[in-house]
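> Kindly generate the corresponding structure for this input.
(2 chains)
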Amino acid sequence: MAFFLETLIGGLMAGMLYSLVALGFVLIFKASGVFNFAQGAMVLFAALAMARFSEWIPGWLGVANPVIANILAFIIAAAIMFAVAWLIERLVLRHLVNQEGATLLMATLGIAYFMEGLGQTIFGSDIYKIDVGMPKDPVMMLESVFEGGLLINKEDFYAALIAAALVAALALFFQKTGTGRALRAVADDHQAAQSIGIPLNRIWVIVWCVAGAVALVAGIIWGSKLGVQFSLATVALRALPVVILGGLTSVPGAIVGGLIIGVGEKLSEVYLGPLVGGGIEIWFAYMLALVFLLFRPQGLFGEKIIDRV
Amino acid sequence: MAREIGDIILDLKSVSLSFGGVKALTDISFDVREHEVRAIIGPNGAGKSSMLNVINGVYRPQEGEIVLRGEHFAKMNPYKAACAGIARTFQNIALFKGMSVLDNIMTGRNLKMKANILQQAFRLGAAEREELEHRAKVEEIIDFLEIQHIRKTPVGRLPYGLQKRVDLGRALAMEPQILLLDEPMAGMNVEEKQDMSRFILDVNDQLGTTIVLIEHDMGVVMDISDRVVVLDYGKKIGDGTPDEVRANPEVISAYLGASH
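Purely as a prediction, here's the structure:
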């Protein structure tokens, strides 16, 4: 029982991080109808900026305190991500208003490669580390309830907490504020939104900024776990099945989808893995996504699209 | 309150619009006076919707200009038009389907919201107060359009006639000076048409909003309009009061009498 719970909790915590990356996809897709292939590149770019600046700043300013260096690096990385968001809107999206979805997808694919290249040109292409003081040691919990207690990875636990807080804050922002309403309006119908005076360009800058901030947080968490390296860009691809599962247009869907995939991966690895020789974790999510595409293509929470014939 | 037709508020000068080789509008000029109900009619494909889209800035005409309250706009766009007090409804309803009726109409207040994104995010006093003010205004509109009972319903679930009404409500929430209505009664039954005519006239009468509308139903147009422009194949073939237009032989052959 304790082992099952450990696996389950481990899955939930990993799932929360998938949700965070998936949220980046959903935000941009909702607001601009763009499937942002560059989300992974943004995670990498943000993590690189964070890692390198936290390394450089002590040398530049002579502050030895790692906390201050991290905070400064975070602020600079956030500013960079906002600048990136603004530039993407200004240089690319603005010129593609009302174009086909495929055109926009190709544009983000281009942005992805460009950012991956640019990031490594500016910040270098080695493996860097981000150390924001996440505790690495596991902790025992509920020892009185279970024999031997539950072994929980503290780092995962805090990461999941941060991700959950961010997700909740964003969901509230979307539902409860005027800007959130304008964002949802743009998500539904560009033309109508423009006709009532919602500035499309500003809304796009806002969502890309938010997606940039989400990428930064995801980049820091994943980066501090795995090290900052090129493979971070593919972390986003692991969030792809999450988005399919949850529905491309649903914020709650991104959260629930992430949790399901996280838990599914871990449980299947532990319980089904031995039967087929292991390695399920890597493809389980994609398999699940395929099944969903066959039977419920709009995802768990997505809007069912019915076209009038 | 008696409604008085004022000066020219919107003046279209020699507007021509083409898509590639297809001429949608050719050298069209007409004006709209303050507080009047101005209709644009014509057979299918005459360029009525294109005309509305030019005023609203969705299409940019290759030639001609739009003069709004004495200000010249060679290049209009929907955002500028909205800021200048032009609201519109859509022929194929373009509401925000996932959102409630209330939220849909609230989006119409967007331009009037001054609180910045940070104030909104942290629910600071200014943003909270503002939200309440706008909410009150929106409730007025909901009362006016008699849609209290569906305030919280997602608009995607509403029947067509009610969606049209919400579309009008969202435009009214902008408190526009000029309201463009693209076939406000298309696809409605007689009762719904009567309701809609009444709302249009009430808006015009009580709020003094200038109205430019496109409509197929000739009976309705002649009843509620002060002046009518007639288009055919992208050209203007008539302009005047409903009676004048009815008597215009070119209009009769193009639209009213002749079979087409």
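> How about the contacts made by residue A:18?
Listed by Cβ atoms under 8 Å, 6 or more residues apart in numbering or on different chains, the contact partners of residue A:18 are A:238, A:239, A:242, A:257, A:258, A:261, A:262. Any C-beta I mention is one placed from the backbone N, CA and C, and that applies to glycine too.
> any chance of the residues you listed in JSON lines, plus neighbour count?
Formatted as JSON lines, those follow (neighbours: other Cβ atoms under 10 Å in any protein chain shown):
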{"residue": "A:238", "neighbour count": "20"}
{"residue": "A:239", "neighbour count": "29"}
{"residue": "A:242", "neighbour count": "31"}
{"residue": "A:257", "neighbour count": "31"}
{"residue": "A:258", "neighbour count": "29"}
{"residue": "A:261", "neighbour count": "30"}
{"residue": "A:262", "neighbour count": "25"}
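> In space, what's closest to residue B:66 - neighbours in sequence excluded?
residue B:73 (4.6 Å; Cβ to Cβ, 6 or more residues apart in numbering or on different chains).
> Check the secondary structure at residue B:18 for me.
strand (DSSP: H, G, I helix; E, B strand; the rest coil).
> host element of the residue of the stretch 1-150 of chain B at minimum distance from chain A?
Residue of the stretch 1-150 of chain B nearest chain A, by Cβ to the nearest Cβ: residue B:82 (3.1 Å). Secondary structure from DSSP states H and E places residue B:82 in helix B:78-83.
> Same check on residue B:28?
Here residue B:28 is assigned to strand B:22-33, by DSSP H and E.
> One more: residue A:293?
Residue A:293 belongs to helix A:280-295, assigned by DSSP H and E.
> Repeat that for residue A:102.
helix A:101-123.
> for that helix, the distance to its chain's centre please.
Relative to its chain's centre, helix A:101-123 lies at 17 Å (Cα atoms, centre = their mean, to the nearest Å).
> could you pull out the strands for the stretch 51-200 of chain B?
B:63-68, B:71-73, B:86-88, B:178-182 (DSSP state E, counting those that start in this stretch).
> Tell me which of those strands is the most buried.
strand B:86-88 (a mean of 27; mean count of other Cβ atoms under 10 Å in any protein chain shown).
> From the contact counts, what lies against that one?
Strand B:86-88 makes packing contacts with helix B:48-56, helix B:160-172, strand B:178-182 when contacts are defined by 3 or more Cβ pairs under 8 Å, 6 or more residues apart in numbering or on different chains; DSSP states H and E.
> Contacts for that strand next, please.
A:195-196, B:52, B:55-56, B:68, B:108, B:171-172, B:174, B:176-182.
> now do 6 Å
A:195, B:56, B:171, B:174, B:176, B:178, B:179, B:180 (Cβ atoms under 6 Å, 6 or more residues apart in numbering or on different chains).
> Any chance of a markdown table for those residues, columns pLDDT and distance to residue B:193?
Formatted as a markdown table, the entries for these read as follows, by pLDDT from 0 to 100; distance: Cβ to Cβ, whole Å:
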| residue | pLDDT | distance to residue B:193 |
| --- | --- | --- |
| A:195 | 87 | 24 |
| B:56 | 89 | 24 |
| B:171 | 93 | 18 |
| B:174 | 91 | 24 |
| B:176 | 92 | 22 |
| B:178 | 93 | 23 |
| B:179 | 94 | 18 |
| B:180 | 94 | 19 |
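> What is the burial count for the closest residue to residue B:108 other than its chain neighbours?
Closest residue in space to residue B:108, ignoring its immediate chain neighbours: residue B:173 at 2.8 Å, by Cβ to Cβ, 6+ apart. Using other Cβ atoms under 10 Å in any protein chain shown, the number of residues around residue B:173 comes to 25.
> follow-up on the earlier one: make TSV out of the contacts of residue A:18 and add secondary structure.
Supplementary listing: the contacts of residue A:18 in TSV, determined by three-state DSSP:
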residue	secondary structure
A:238	helix
A:239	helix
A:242	helix
A:257	helix
A:258	helix
A:261	helix
A:262	helix
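> Check those and tell me the two furthest apart.
Spatial extent of these (Cβ to Cβ) is set by the pair A:238 and A:257 at 11.9 Å.
> Sort out which residues of the helix holding residue A:293 are buried, please.
Buried residues in helix A:280-295, counting neighbours by 16 or more other Cβ atoms under 10 Å in any protein chain shown, are found at A:280, A:281, A:284, A:285, A:288, A:289, A:292.
> Could you give the separation of that helix from the chain centroid?
With Cα atoms, centre = their mean, you get 19 Å for helix A:280-295.
> Packing partners of that helix?
The elements that helix A:280-295 packs onto, with contact taken as 3 or more Cβ pairs under 6 Å, 6 or more residues apart in numbering or on different chains; DSSP states H and E, are helix A:232-246, helix A:251-267.
> pLDDT averaged over the last one, what's the number?
It stands for helix A:251-267. Helix A:251-267 carries an average pLDDT of 88.
> Between its first and last residues, how far does stretch B:213-231 reach?
Criterion Cα to Cα, to the nearest Å; first-to-last residue distance in stretch B:213-231 is 13 Å.
> Mind telling me which residue of chain A is nearest chain B?
Counting by Cβ to the nearest Cβ, chain A gets nearest chain B through residue A:197, at 3.1 Å.
> I'd say that residue and residue B:111 touch.
Yes - proximity of residue A:197 to residue B:111 meets the contact threshold set by Cβ atoms under 6 Å, at 3.9 Å.
> quick one: is stretch B:126-133 near chain A?
No - judged by Cβ under 6 Å from any Cβ of the partner chain, stretch B:126-133 and chain A are separated, with a smallest distance of 6.7 Å.
> quick revisit: if you count surrounding residues, which of residue A:197 and residue B:111 has more?
Regarding residue A:197 and residue B:111, a neighbour count based on other Cβ under 10 Å identifies residue A:197 as having more, with 25 against 18.
> Regarding that one, what is its secondary structure?
coil.
> ok, it - contacts?
Per Cβ under 6 Å, 6+ apart, neighbours of residue A:197: B:82, B:83, B:110, B:111.
> Residue B:60 too?
Residue B:60 touches residue B:75, counting by Cβ under 6 Å, 6+ apart.
> quick one: contacts of the worst-scoring helix or strand of chain A on mean pLDDT?
Scoring the helices and strands of chain A by mean pLDDT, DSSP states H and E places strand A:138-141 at the bottom, with a mean of 74. Contact partners of strand A:138-141, identified using Cβ under 6 Å, 6+ apart, comprise A:149, A:150, A:151, A:152, A:153, A:154.
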